[in-house]
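Engineer: Kindly return the folded structure for what I paste below:
(chains A and B)
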Amino acid sequence: MIVAAVLFAYAGLLCTLVPRLLRGARWAERAPRLGIAVWQAAGVSALVSAALAGLALTVPTVRVSADLAQLLQACVMALAAQYASPGGAAAGAAGAVLALAVLGRTAWCTGGTVLRIRRERHEHRAVLDLVGRVDPVRSVVVLDHEEPAAYCLPGRHRRTVITTGALRTLESGQLDAVLAHERAHQDERHDAVLAWAQTLARAFPRMPLFRTAEAEIARLVEMRADDVAAARSGRLTTAAALLAVAGGHAPMAGLAAGGSTAACRVRRLIEPHRPLGRVRVAVGSLTAAVALAVPLLVIGGPAAAATQLNYCPDGTPAAQVSTMH
Amino acid sequence: MPQFGELEAAIMDAVWEAGKPLRVREVLDRLGRDPEPAYNTVHTVTEILFRKGWLAKEKDGRAYRYGATRSREEYVAGLMGEAFAAAGNRTATLARFVEGMQPGEAEELHRLLGEAVRRESST
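Structural biologist: Model prediction:
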């Protein structure tokens, strides 16, 4: 019961406190990959905690013993004891519902997202292959379109798409930056990162953690790709490329606080580059790892402690017990 | 199979360029491919394009004429619309390079970028 309460409180804490603490954090912009990892760790940890909390309510903790028969008997007795009382039975049922709801909902939405993405990509690629021209030198697909734009279609048959407008507007260094940006998305599987964040946000739409994580991860993924492009073509060239492509049209979605994401990205590239120090990256990574480990430690703790105890009566070592049967 | 897709694209190009419905023989003439694909192959692929909804056909004497159901520009506009749809509806095509920005923002950033470039070149 206590284990379940602790796990539940932990999940609640993650869901409410983390988005408030981490939203728009400046350090994440200086180390986008770490930022993405921290958001992902918080999400997975909250999910696992909620599922384990349900499990802990359903299955009473039993002391682990060396003898399987004894263990089973203890299990049965503990289960019988819990479910004999109406309160215990209700808690158990509620726990089972919670665990199944969390896991089932996640699995259902993951499946839905995967199928939807596969279908949309397939349809998009079919059209793209008929109307686009392949540029074998740059290995991109060129679309006849006035507006400068570039995007990538990820997946097994990936394509990098660029419009004739972009080819005309961008200088060769800037074009390199754009292509490096798109390749970074594909090489680091940002599509999968985004799909997972989107799945969680859709599966649990009322949770501020998942909603904020989706938006933040989308932003950080772009900054990460910008950094890769900047390492190749220079920060100011990348900024100029962004500006050349973005300056032409207004954002489709509403403005985020402090200007559009594109403007933030350009500003970030113009300002002096200050990547996060090694020590801070290490501390951040450690925090993410601890966040992930907490639910497992909470539920594993009692069991681990129990295995250390000797439940066999003195003078009956394990070997002797087994020969007795 | 990839060559098959290539032929589909070539046939669509021919029909779009002609700007009018074509017979299979005319499509074949306009392909200008070396080696020239067999008439039957082109006919089959044209029928596939018709079944996929890319081409419409109309009876002309004993043969059929095939015309594009939509212009290339319309398809491109459709693709761009998908790629640039609001963030929530878009994971299939990832992350267009940028989201666009307001004219005021662009002006200010151009100025900042110019200053930064000058600073860099002077040092």
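Engineer: what's the following helix or strand after the lengthiest helix in chain A?
Structural biologist: In chain A, assigned by DSSP state H, the helix with the most residues is helix A:86-131. Later in the chain than helix A:86-131, the nearest helix or strand by DSSP states H and E is strand A:133-135.
Engineer: and that following strand, average pLDDT?
Structural biologist: Strand A:133-135 carries an average pLDDT of 90.
Engineer: Could you give me the buried positions within that strand?
Structural biologist: Using 16 or more other CB atoms under 10 Å in any protein chain shown as the burial criterion, none of the residues of strand A:133-135 qualify. All C-beta spots, glycine's among them, are computed from the backbone N, C-alpha and C.
Engineer: What lies in contact with that strand?
Structural biologist: A:140, A:141, A:142, A:143, A:144 (CB atoms under 8 Å, 6 or more residues apart in numbering or on different chains).
Engineer: repeat for stretch A:186-194
Structural biologist: Residues contacting stretch A:186-194 (CB under 8 Å, 6+ apart): A:36, A:40, A:117, A:152, A:154-155, A:158, A:160, A:184-185, A:214, A:217-218, A:221, A:224-225, B:91, B:94-95.
Engineer: So which of these sit within helices?
Structural biologist: Going by DSSP H, the helices hold A:36, A:40, A:117, A:184, A:185, A:214, A:217, A:218, A:221, A:224, A:225 from the contacts of stretch A:186-194.
Engineer: Next, count neighbours for the nearest residue to the fourth one once chain neighbours are set aside.
Structural biologist: Nearest-residue entry for residue A:184: residue A:228, 3.7 Å, with adjacent residues in sequence omitted and distances by CB to CB, 6 or more residues apart in numbering or on different chains. The burial metric for residue A:228, expressed as a neighbour count using other CB atoms under 10 Å in any protein chain shown, is 20.
Engineer: cool, the one 10 residues further on as well?
Structural biologist: Other residues within reach of residue A:238 by the criterion other CB under 10 Å amount to 29.
Engineer: swap in the one 5 residues further on?
Structural biologist: Residues within reach of residue A:243, counting by other CB under 10 Å, total 25.
Engineer: now it: how far from chain B?
Structural biologist: Per CB to the nearest CB, to the nearest Å, residue A:243 is found 6 Å from chain B.
Engineer: Also residue A:125?
Structural biologist: 9 Å.
Engineer: Going by distance to residue B:79, which of the ones in helices among the contacts of stretch A:186-194 wins?
Structural biologist: residue A:117 (16.2 Å; CB to CB).
Engineer: Show me what the mean pLDDT comes to for stretch A:219-236.
Structural biologist: Rounded mean pLDDT across stretch A:219-236 is 93.
Engineer: typo on my end, stretch B:83-91
Structural biologist: On average, the pLDDT along stretch B:83-91 is 58.
Engineer: ditto for stretch A:143-150
Structural biologist: So the average pLDDT for stretch A:143-150 ends up being 86.
Engineer: start to end distance for that stretch?
Structural biologist: 10 Å (CA to CA, to the nearest Å).
Engineer: close to chain B, is that stretch?
Structural biologist: Yes: using CB under 8 Å from any CB of the partner chain, a contact is recorded between stretch A:143-150 and chain B, made by A:143, A:144, A:145, A:147, A:149, A:150.
Engineer: Next, the contact list for residue 39, please.
Structural biologist: Using chain A. Residue A:39 makes contacts with A:22, A:197, A:213, A:216, A:217, A:220, as judged by CB under 8 Å, 6+ apart.
Engineer: my bad, the chain I had in mind was chain B
Structural biologist: B:24, B:25, B:28 are the contacts of residue B:39 under CB under 8 Å, 6+ apart.
Engineer: Produce a ChimeraX select command limited to the buried residues of these.
Structural biologist: Entered in ChimeraX, the line below selects the buried ones among the contacts of residue B:39, by 16+ other CB under 10 Å:
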select /B:24,28
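Engineer: The contacts of residue B:39 in helices, which ones?
Structural biologist: If you go by DSSP H, these have B:24, B:25, B:28 in helices.
Engineer: right, is the lengthiest helix in chain B up against chain A?
Structural biologist: Taking DSSP H as the criterion, chain B has its longest helix at helix B:103-122. Yes: residues of helix B:103-122 contacting chain A under CB under 8 Å from any CB: B:103, B:105, B:106, B:109, B:110, B:112, B:113, B:116, B:117, B:120.
Engineer: now swap in stretch B:46-62 and tell me
Structural biologist: Yes: counting by CB under 8 Å from any CB, contacts between stretch B:46-62 and chain A involve residue B:54.
Engineer: Please, where are all the helices along chain B?
Structural biologist: B:2-18, B:24-31, B:39-51, B:72-83, B:103-122.
Engineer: which strands and helices sit next to the second one?
Structural biologist: In other words, helix B:24-31. helix B:2-18, helix B:39-51, strand B:63-68 (3 or more CB pairs under 8 Å, 6 or more residues apart in numbering or on different chains; DSSP states H and E).
Engineer: Now that we have the ones in helices among the contacts of stretch A:186-194, can you turn them into JSON lines and tack on neighbour count?
Structural biologist: Converted to JSON lines, the ones in helices among the contacts of stretch A:186-194 look like this (neighbours: other CB atoms under 10 Å in any protein chain shown):
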{"residue": "A:36", "neighbour count": "25"}
{"residue": "A:40", "neighbour count": "18"}
{"residue": "A:117", "neighbour count": "23"}
{"residue": "A:184", "neighbour count": "21"}
{"residue": "A:185", "neighbour count": "25"}
{"residue": "A:214", "neighbour count": "22"}
{"residue": "A:217", "neighbour count": "24"}
{"residue": "A:218", "neighbour count": "23"}
{"residue": "A:221", "neighbour count": "24"}
{"residue": "A:224", "neighbour count": "22"}
{"residue": "A:225", "neighbour count": "27"}
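Engineer: still on that earlier bit, could you tell me the least trusted of the helices and strands packed on helix B:24-31?
Structural biologist: With a mean of 83, helix B:2-18 has the lowest mean pLDDT of those.
Engineer: buried residues in that one?
Structural biologist: So helix B:2-18, judged by 16+ other CB under 10 Å, has buried residues B:7, B:8, B:10, B:11, B:12, B:13, B:14, B:15, B:16.
Engineer: Next, format the residues you listed as JSON lines and append distance to residue A:132.
Structural biologist: Compiled in JSON lines, those are given as follows (distance: CB to CB, whole Å):
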{"residue": "B:7", "distance to residue A:132": "16"}
{"residue": "B:8", "distance to residue A:132": "13"}
{"residue": "B:10", "distance to residue A:132": "13"}
{"residue": "B:11", "distance to residue A:132": "15"}
{"residue": "B:12", "distance to residue A:132": "11"}
{"residue": "B:13", "distance to residue A:132": "11"}
{"residue": "B:14", "distance to residue A:132": "16"}
{"residue": "B:15", "distance to residue A:132": "16"}
{"residue": "B:16", "distance to residue A:132": "13"}
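Engineer: What is the nearest of those residues to chain A?
Structural biologist: Within those, proximity to chain A (CB to the nearest CB) peaks at residue B:12, which comes in at 5.2 Å.
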